[in-house]
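A.B. asks: when you get a sec, could you give me coordinates for this:
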Amino acid sequence: MKTSSPQKSPSPQNGKKSAKGLVRPAPRARVRRARLVVSKVDTWSVLKLAFLLSVALGIITVVASLVLWIVLSLTGMFDGINELLSMLGGSAGGADIKKFLSLGNVALFATVISVVNVILLSVLSVLGALLYNIAASLIGGIGVTLTDD
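C.D. replies: Numbering: from 1, shown residues only. Next up, the predicted model:
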C-alpha cells in the first residue's frame, strides 16, 4: 500500500491572505487651484520692506567701495594714475590723486550716497504701492493662480 502525502499546491487562498496584509497606497489627491486677485497692497508693509532692503543695499555699497579702494591702493593703481597724470600734464609735482580720493573721502561719499539711496528707494516704493492701489481699484488688480502640488 502506497500512501502518498498530499502535495502542497499554491492555492488562491494563500495569495489572498498575503495581499490583504499589504498596505494600499493612498489615493492621489487632486491638485487644488485657487485663483486670487491682489487688489490692495499695504503701504506700511511696503515701506518697511523697502527700507530694510535699501539699508542692506547701502551697507553693501559702503563695504564694496571700501574694499575696492583698498584693492586699488594695494595694487599701486593710485601711483600709476599719478605717473600718468604727471606725464600728460608735464608738471613734476602734479596733484596726488590719493589725497583727493583718500579712504575717508571715499567712505564719506559712499555713506552719503547710501543714505540718499535709502530715502529715495523708500519714498519711491511707497509711491509705487499707492499707484498700484489706485490702478487696482480701477482695473481689478493682478490675478494669481495658486496650486497645491
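A.B. asks: spatially nearest residue to Thr111 (excluding sequence neighbours)?
C.D. replies: Sequence neighbours aside, Val62 is the residue nearest to Thr111 in space, at 5.8 Å (criterion: C-beta to C-beta, 6 or more residues apart in numbering). In short, each C-beta sits where N, CA and C put it, glycine included.
A.B. asks: quick one, helices of the protein?
C.D. replies: 12-21, 43-74, 77-89, 97-100, 103-139 (DSSP state H).
A.B. asks: among those helices, which comes closest to Val37?
C.D. replies: When those are ranked by proximity to Val37, the top entry is helix 103-139, at 8.4 Å, counting by C-beta to C-beta.
A.B. asks: mean pLDDT, distance to Arg35 and mean neighbour count for the helices of the chain - can I get that in JSON lines?
C.D. replies: Output for the helices of the chain, formatted as JSON lines (pLDDT from 0 to 100; distance: least, C-beta to C-beta, whole Å; neighbours: other C-beta atoms under 10 Å):
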{"stretch": "helix 12-21", "mean pLDDT": "56", "distance to Arg35": "43", "mean neighbour count": "8"}
{"stretch": "helix 43-74", "mean pLDDT": "96", "distance to Arg35": "23", "mean neighbour count": "14"}
{"stretch": "helix 77-89", "mean pLDDT": "82", "distance to Arg35": "57", "mean neighbour count": "13"}
{"stretch": "helix 97-100", "mean pLDDT": "81", "distance to Arg35": "59", "mean neighbour count": "13"}
{"stretch": "helix 103-139", "mean pLDDT": "96", "distance to Arg35": "16", "mean neighbour count": "14"}
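A.B. asks: nearest to Leu146, out of those helices?
C.D. replies: Across the helices of the chain, Leu146 has its closest neighbour in helix 103-139 (18.2 Å, C-beta to C-beta).
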